[in-house]
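J.: Here you go, sequence then predicted model.
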Amino acid sequence: MEFLYDFGLFLLKAITIVAAVLFVVAGVISAGAKNKTAKGKQKPRGEVTLTNLTEKHHDMISHLKQELVSAHEAKIIAKADKKAAKEKDKAAKEKAKEFEKQCGDDTEQDLETTIEKEHKRLFILDFNGDIKASSVASLREEISAILTLATEGDEVLLKLESPGGMVHGYGLAASQLQRIRDKGIPLTVAVDKVAASGGYMMAVVADHIAAAPFAIIGSIGVIAQLPNFNKVLKKLDVDYEQHTAGEYKRTLTVFGENTDKDREKFQEELEDTHVLFKEFVTQNRPDLDVDSVATGEHWYGQRAIDKGLIDSIKTSDDLILDAIQEKEVFEVTYEIPKTLGEKIGLNVAKIVESVTLKLFNNNQTGA
């Protein structure tokens, strides 16, 4: 057992040295990339990708059907699926020719518009929110792409998970969703786990809000908290100075001495933000008795529907499966390619984490 412990420590030291070397290499590569950018080369931009979930779903069903039967029967099913795909492709080509005849002398642009209107599509977005609503950077690109592509009959489904966070970040995220509504595109928000506070601020923009039975919904309130080290600084005989121009440029402070006047003004600002939040909810869900739910409380899905906070009890998976039966469903994602330095750093972090956990588990078992 002692041998294993010593070997583990040796291995951990070796990995630490390798990680340090790779970190230095990654730093050099990153510095080189920055120098190139400084000389006029642009940083790599992200790109929007579309994944056809309808095709993936049909492929999965076909594969599962073949797994359930004998090898001979699987061949028959595969052959039938292949034939069905060819017939579908043939029907699509014939339909396209009909469009060409109908359009006659119309421009290619008119023909393209006519064809697009025949395809009913659901675009799926995914938003996992942190305290800063960082995902809004990708969300705005994805929505811009959808607004460029969407035609009459298309819809958008947002899979939303967020416990809330900074007001300005989630305010911008809600504004991005409003762009979809402003274009007359039906928007559904699906909440599988949580849409609270800023997350619910985003959700109310939708035409329809669906949630899982035990998803957390609501928390229409505002919170702010900060520590104060003024007494500690005084005890250590440390002076702290803060200079402002404007009576309320700074109210509560971390290091200075807070007064009742400061607290009163800060509370006033919180109350005003709460009022704006309630007005925003009322604007988007006018039938909701906002005063009864704007207490900062949250409710689970089944209770939330009774309160009028959501419209139906359903998971995002069920919504997608239903849509696949009658629409073409596309997942829309925006990704920025990682630099070599970032890739090396992530891989090193994974290796160190994995080995550390294994060593910890081995030691725990041996004890």
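T.: On my side now, so go ahead.
J.: Dig out what residue 332 forms beta bridges with.
T.: Residue 332 forms beta bridges with residue 50, as assigned by DSSP bridges.
J.: in the stretch 101-250 of the chain, which spans are strands?
T.: For the stretch 101-250 of the chain, the strands defined by DSSP state E, counting those that start in this stretch occupy 121-128, 155-161, 187-191, 194-196, 208-211, 216-218.
J.: Serialize those strands to TSV and add fields for mean neighbour count, mean pLDDT and distance to residue 72.
T.: Where C-beta positions appear, they are placed from N, C-alpha and C, glycine not excepted. Formatted as TSV, these follow (neighbours: other Cβ atoms under 10 Å; pLDDT from 0 to 100; distance: least, Cβ to Cβ, whole Å):
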stretch	mean neighbour count	mean pLDDT	distance to residue 72
strand 121-128	21	96	37
strand 155-161	23	98	40
strand 187-191	25	98	41
strand 194-196	27	97	49
strand 208-211	24	98	43
strand 216-218	24	97	51
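J.: of these, which approaches residue 169 most closely?
T.: Comparison of the strands of the stretch 101-250 of the chain against residue 169 by Cβ to Cβ identifies strand 121-128 as nearest, at 11.8 Å.
J.: tell me the angle that closest one makes with strand 187-191.
T.: 40 degrees (axes from the mean of the first three to the mean of the last three Cα atoms, to 10 degrees).
J.: Neighbouring strands - and their directions - for strand 121-128?
T.: Strand 121-128 is paired, per DSSP bridges, with strand 155-161 (parallel), strand 328-335 (parallel).
J.: what residues does the first one touch?
T.: With contacts defined as Cβ atoms under 8 Å, 6 or more residues apart in numbering, strand 155-161 is touched by 121-129, 146, 150, 177, 180, 185-195, 199, 202-203, 206, 316, 319-320, 323, 327.
J.: before we move on, what about the longest one?
T.: Taking Cβ under 8 Å, 6+ apart as the criterion, the residues outside strand 328-335 that touch it are 46-54, 57, 119-126, 138-139, 141-142, 145-146, 320, 323.
J.: Give the buried residues for that strand.
T.: Across strand 328-335, burial judged by 16 or more other Cβ atoms under 10 Å covers 328, 329, 330, 331, 332, 333, 334.
J.: Same list, the residues you listed, but as a markdown table with distance to residue 241 and pLDDT please.
T.: Listed next are those as a markdown table, based on distance: Cβ to Cβ, whole Å; pLDDT from 0 to 100:
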| residue | distance to residue 241 | pLDDT |
| --- | --- | --- |
| 328 | 63 | 94 |
| 329 | 60 | 96 |
| 330 | 57 | 97 |
| 331 | 54 | 97 |
| 332 | 51 | 96 |
| 333 | 49 | 96 |
| 334 | 45 | 95 |
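J.: residue ranges with poor pLDDT in this protein?
T.: For the chain, the stretches with pLDDT under 70 are 1-44, 85, 88-118, 338-346, 348-367.
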